[in-house]
Structures are given as structure tokens and as C-alpha cells.
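**Student:** Whatever this is, show me its structure:
(chains A and B)
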Amino acid sequence: MSAVLDEATATLDASVEEPKPARPGRGGSRRKTAGDWIVLLVAILLGLLIAVPFLLILVNSFKSPADYNTSGPLTLPTSLYFDGITAFWERVDFPQKLGNSVFISGLVAVFAVLLSMLNAFALGIGRVKGRLWIVVVILLANMLPQEVLLYPLYFMFKEVGLYDSQWAVIIIFTVIQSAFGTYLLASVYGTFPKELLEAASLDGASRWQILWRVVYPISRPTLSVLLIFFFIWTWNEFLIPLTFLVSNDTQTVPVAITVLQGDRLMDVTTTSASALLGLIPTLVFFLIFQRTLTRGITAGAVK
Amino acid sequence: MKHTRIVGAAATIATAALVLSGCSGSGGGGGDDDTLRLWHYESDTSAMGIAWAEAIKVFEEETGAKVEFEEKSFEQIRSTASQVLNSDEAPDLLEYNKGNATAGLLSSQGLLSNLDEVVADHGWDDQLSPSLQTTAKYDENGIMGSGSWYGVPNYGEFVEVYYNKDAFAAAGLEVPTTLDEFEDVLQAFADQGVTPLSESAAEYPLGQLWYQLALSKADRSFVDDYQLYTGDVDWEGDEISYATETIKDWTDKGYISTDASGLKAEDAGVSFINGDAPIFFSGSWWHNRFSTEIDGFEWGTFLFPGAEMSPGSAGNMWVIPERAQNKELAAEFIDITMRPEIQALIGNNGGVPVAADPADITDEKSAELIANFNALTDRDGIAFYPDWPTPTFYDELNAGLQELVNGTKSPAEVQQQLGEQYQAGVDDIVG
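**Tutor:** This is a model prediction of the structure:
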């Protein structure tokens, strides 16, 4: 967590100090102002605020129920207790759920990025007629609440025999995620330097070649960021996987976590443990790829 | 063209996942003649989980059929049942939630099998007392209480008083038998500076206490009016006025903390477990947890003093989907779960069986619990829950009682507001 925070502070510092070379005349040698410190303080406070639920999960995952009952949720565990984690692990067959989640989120991320890129190439660089309206229609998939989509999707997938199949979820999220991806990439590609495209076509490149040899390499940082977001967003999806993955052996991690929620009772420590287990994979994924994230979502100017 | 590291890595992960999960596509579907597909959402350490695991064993031995069991989450069955039961993935038998908005709704949509014949054949109607049958029967509009059988409850639940025996002994107090004695007990603790009642107004506990107070002045026809819409409920009448004013009175006297307005049921339960509050008025669903997690003091239970009726109902129940493939096997399984030995397992593990032989219950605390429940059902004292009549009344009742406990509204204002909200909700249902 602190690594992320440091990174955030570092980026913040960089962005605060960035204007200096641009305005050398105005007190260039000045150190950080009071304003800078306030911004830094606010950022740290925000970071802590965001970290609190995570820390609570961490603290309570390793507590025994008896410990929780006597000391409440806010204190540190008196001794480390791993039964909650192992109980949840075995009860839902966690490795299988993890495999399902990685399978679904991974495929959705790859497919959705590919689809977004193809769409955006047509809309942003191809400049299709009425592209604004096409983007608006595509964005509907993102803007409609999922509850509204649920029943139509249920009947459609039941008709084609994909109800209770992971492919239903993969197809749905590929479309939903690529809606956002198309919107974002289309505007990025809309500002793509014309000289590059013209140079490429003068050299005799076909559209396909322009896409793969010019546009793709240059927009790769943006694509990577999208890929990471799509992976994490799909990972955390709940309602649609809950509806479409009926059999236990097709279910994802967030759906498996609900097994612990009863009609009236909740088991705080085991629920924390399950949340921790569900959170670790996305956290690991994020930490591995965070450098790409901080590179910025609209990067991709001429190199 | 250089390969992107990230895209490459993600693709590798995806491929690995593909290989790992193999062809774990759709499971289930098409039924064998001798396979029973069974779903429920009780954990394997709970009373029902233990008893039903045994029932599965007995069933497989006796019929030679195989049980394909999946433990579902309560949340999943609650929010996806109508879709699943309308598809080929419907199981043969599942545990489902009782009530107008759940089993009632699905029965009126034709998704659940009518069980009238099966119930009569097996004599389950003789095993279940009348107030437990209420939630198993639904009319053509899906309103409970009359009409055909659509479910078979296997366990019950009710609300009682849990008390800390050590704290009672230290204060020289006896178990109260009338409401006046109960108030004396509360006063005795309040005099010592202890808040006697562990309450939560953010969730169900205070609503149930409020309803219990109304019940102490009520008869069966009040409950029928309130729950089954057989007549108008007088929101200015004795029953409800007494309940609302008593909550206010108890708060003013310090029996209920004003902090309760922000607390959840879990908080209230924990404050009883760790000994902070000597009395907790809540449901039998806590019994198992208290047995395993309280080790600092002795505790016991009694029914709310001075009342013929208490909140409670049959538990969630077995239903057979209309699209089930093996309805006969499903009925046989239900029959096994109604047998005394399986019912005794529920009882001996902290649950409340509906058809157990009291002699089979060996665990002392469980025997006390079941004796309380049987006392209630024998005098037709199961009065259901205050939030049942309309889909939104749970939140409305909690909000009203929070304002009462906070002191932002007077009892008269609160019950007038609740009355209007109740009536609006009921009008929507009855039409």
C-alpha cells in the first residue's frame, strides 16, 4: 500500500513542480510553498482515508471470532488466526474460483481492448459519418444500469443456450467494457497526428498496416492502461456473474464471497478473510502493472 | 513489430486460465432419472447443514439415487431464483425464502410446483402446527396464509429473551414472569448504571421489540389484520400506542441506549456476547453462535414475559420447481428431512426443528430453546415479523424507531407516519 502512496505522492510532486521550467521568470529557485504542502497533506489524508477499509479487512482477517467479540473491529488481533482464511478457501474451493475469475477477466480485457481499438480506428481515424451518434449509442451499454440490462440479456442468452456459461459473461463484458474503450480511444485517435498517417499511406501502407504498424505501437501505453482497467473492473463485477453463473464450478471470486452472507447472521472475521483473498489478486495485478498506469491514460503523442 | 509486454503477459495469463479451467463450461442441465439436484444455503456447520447432510446420506442409501448437492449463497438464491427456476438449469429441490415477495411471487408466476397432493400423501400437514403452515401456503395472488401448499418448512425460528445468568445472579434478580417484573429487572440494572437491553435500531432488533410490545396487548385477530390484511389495523389503537410509547419510555429511563439508533444487529449481539449488556431480545438464529462463542458467563433464555405471542415463523422451506426433472425424488427427500431422527439432529445442533420428539433432544440448552418454541406453537403464539406486510416496511419501521429513540419525533408522530406508510404499502398489494 505504501508503495502506491509513495508513487502517488511522487507523481503529485512532479506535477506540482512541473510548471517551473515553463515560467522561469517567477521565482524559479523557490522551494515548496505553503500551498504545495497543503496539497501534499490533503493527498496523504485522502490516501489514508482510502486505505482505512483495506486496513480494517487486513486486521480482522486474522482475528478469531472470540477475539473479535471481546475487542471489536478496530483493535489489532491478539494472536494470528488463520482458520477464517482456510475455512473460506476450502468451503468455496478457492483456487477454482480464482481460475474462473482470471479466465473471464483476462479474456474480457484482451477482447475488449482489441474491439475498442478496431472501433476507435474506424471512428477516430477513419472519421465515419455520424460518428458522434455511433459513439453515443455504444456508450449506452455503459450508461444503462446493469439491472436494466439483466432481463433482456437473460432471455437472449437463454435462447442461444449460453445461460449458465462463462462465455455469456465474457461476451457481455467484452461489449460493455469496449463501449468505454471505444469512447476513450476514439477521442484519442481523433487527435492522432495527420502527418504520420499521410506519411504511412505515401509509403504505400494499407489500412491494416497503418493500424498495426503506426497506430497500434504509438497508442500502446493507452491500450495497456485500458487493459488493466478492464481486467480489474471485470474482476470486481458482481450482479451479472451472479445471475449468469448458476453452477458453483463456473463462479467468480466476488460471487463466491456471498456464500458467507446468511439470512440474518454475518460472520465478520471469515467475511474479512474472504474479502482479503478476493482483493489480493487485483492488488498484485495492479502492483505489477502500476508503472503503466502512472504513465497516463492519454499518452501517445508523436515519439 | 515489437510485442507489447503487457498485452503479451495478459494473453499468457488468459491462455493459462483457459488451459487450467479446461472445458469448465456449463455444468448441470439435463437430468438423470436417479439423480436429485439439490440446492440449499446453510453452511455445513449449522444445524440445518448437519441435519441435511445426514438426510442426503440416508436418501442415497434408501433410494439408490445420487444426490448432486450444491451449496448456494443466500444472496444468489434471493436475487436469481426467478431466472434460474424458469430455465433448464432449475434444480429438483431447493431451499427458498418464505414470504409474499419470494415464494409467493414465484408460486403466482407458476414457477413452483403445487404440493397439495404430496403433502396430503405424506401427512406433513399433521406434523406442522397451523401457524407454521401460514408461510407454506399461497393463494393465486401469491399472498400467504391460504390456498395451496408450495413449500414445506423444515425448521422454525422465533424471538425470545437471552439473559446473562451471572449478571442476574450478581444483581440478585430472578427470571421475570410478568411484564411488570421485567420492567423491575430493567430498572434494577439501570440503577446500577448498566444499560440493560442491547438494542439496534439500524436493523431488525428494535423493530422486533416494538412488535413484541404491541403483541403483549394483542390477540390473534390483530395479527391476522396486520399480517394477512384481513381487516384494518388501528394505528392509534391500544396495541401500537402501547408499543411506541413504551419504547420511548424505556429509552428515557435508560433501558435502551440512544446510541442504538446507529447500531446494527451484529453490534447488539456482540455487546451481549462480551457481557456489556445483560439482556438481548432477539431471534433463535443467535442461539448456535452464543453456544459456541460465549465462554465468560452462563446464559439462558425465556419467552417475552406477559405475552401470549411472539415474533417468529416457520423457517425457509423446501420448494420443488415446476421445471424440476425428478419431482418424486424431491418429495422423498423432503419426507426424510421430516423424520424424527433428522429433526432431532437440527434440534441438537442449535436449530429449532418443527417436528422433533422432545425426548430426542439431549443437549440441555437446545432443549430449553425447543421447549420455548413448542410452548409458543402450542398456544398458537407465532406472530411473524413486523416488516412482512409490505416490501418497504422494514426500512420505514427502522427509520421511524430511530427517530423515536433519537427524540426527534414523538411517539404519536412516529406511529402516525408508520401507519400511513403501512397503509400505502398494503394498498399496493391488495389493490
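
**Student:** Name the residues of the stretch of helix or strand A:Thr271 belongs to that come out as buried.
**Tutor:** A:Thr271 belongs to helix A:268-294 when elements are defined using DSSP states H and E. Neighbour-count burial for helix A:268-294 flags A:268-279, A:281-282, A:285, A:289, A:292-293 (criterion: 16 or more other C-beta atoms under 10 Å in any protein chain shown). C-beta here means a position set from N, CA and C on the backbone, and glycine is covered the same way.

**Student:** what's the average pLDDT for it?
**Tutor:** Mean pLDDT, helix A:268-294: 83.

**Student:** Equivalent analysis for stretch B:269-288, please.
**Tutor:** Stretch B:269-288 shows a mean pLDDT of 93 in the predicted model.

**Student:** for it, how far is the first residue from the last?
**Tutor:** Separation of the first and last residues of stretch B:269-288 by C-alpha to C-alpha, to the nearest Å is 12 Å.

**Student:** Can you confirm whether stretch B:362-372 lies near chain A?
**Tutor:** No: shown here: stretch B:362-372 not in contact with chain A (C-beta under 8 Å from any C-beta of the partner chain), separated by at least 15.8 Å.

**Student:** Distance from the chain centre to that stretch, please.
**Tutor:** From the chain centre to the centre of stretch B:362-372 is a distance of 19 Å (C-alpha atoms, centre = their mean, to the nearest Å).

**Student:** List the buried residues in that stretch.
**Tutor:** Result for stretch B:362-372 [16+ other C-beta under 10 Å]: buried residues B:Lys365, B:Ser366, B:Ala367, B:Glu368, B:Leu369, B:Ile370, B:Asn372.

**Student:** would you turn those into TSV with secondary structure?
**Tutor:** Converted to TSV, the buried residues of stretch B:362-372 look like this (DSSP: H, G, I helix; E, B strand; the rest coil):
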residue	secondary structure
B:Lys365	helix
B:Ser366	helix
B:Ala367	helix
B:Glu368	helix
B:Leu369	helix
B:Ile370	helix
B:Asn372	helix
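
**Student:** what about B:Glu68, helix or strand, and which?
**Tutor:** When elements are defined using DSSP H and E, B:Glu68 is found to belong to strand B:66-71.

**Student:** partner strands of that strand, parallel or antiparallel?
**Tutor:** Sheet neighbours of strand B:66-71, with direction, are listed as strand B:35-40 (parallel) (DSSP bridges).

**Student:** Could you tell me how many residues sit around residue 156?
**Tutor:** No chain was given, so I picked chain A. The number of residues packed around A:Met156, counting by other C-beta atoms under 10 Å in any protein chain shown, is 14.

**Student:** that's the other chain; I wanted chain B
**Tutor:** 26.

**Student:** how about the helices in the stretch 151-300 of chain A?
**Tutor:** Under the criterion DSSP state H, counting those that start in this stretch, the stretch 151-300 of chain A contains helices at A:166-190, A:194-202, A:207-210, A:216-218, A:220-236, A:239-244, A:253-257, A:268-294.

**Student:** Buried residues in the fourth one, which are they?
**Tutor:** Within helix A:216-218, the residues that qualify as buried by neighbour count (16+ other C-beta under 10 Å) are A:Tyr216, A:Ile218.

**Student:** and which of the buried residues of stretch B:362-372 is nearest to chain A?
**Tutor:** The shortest distance between chain A and any of the buried residues of stretch B:362-372, using C-beta to the nearest C-beta, involves B:Leu369 and amounts to 15.8 Å.

**Student:** tell me the contacts of the residue lying closest to that closest one once chain neighbours are set aside?
**Tutor:** For B:Leu369, the nearest residue in space outside its immediate sequence neighbours is B:His287; the separation is 5.5 Å by C-beta to C-beta, 6 or more residues apart in numbering or on different chains. Residues in contact with B:His287, defined by C-beta atoms under 8 Å, 6 or more residues apart in numbering or on different chains, are B:Thr301, B:Gly350, B:Lys365, B:Ser366, B:Leu369.
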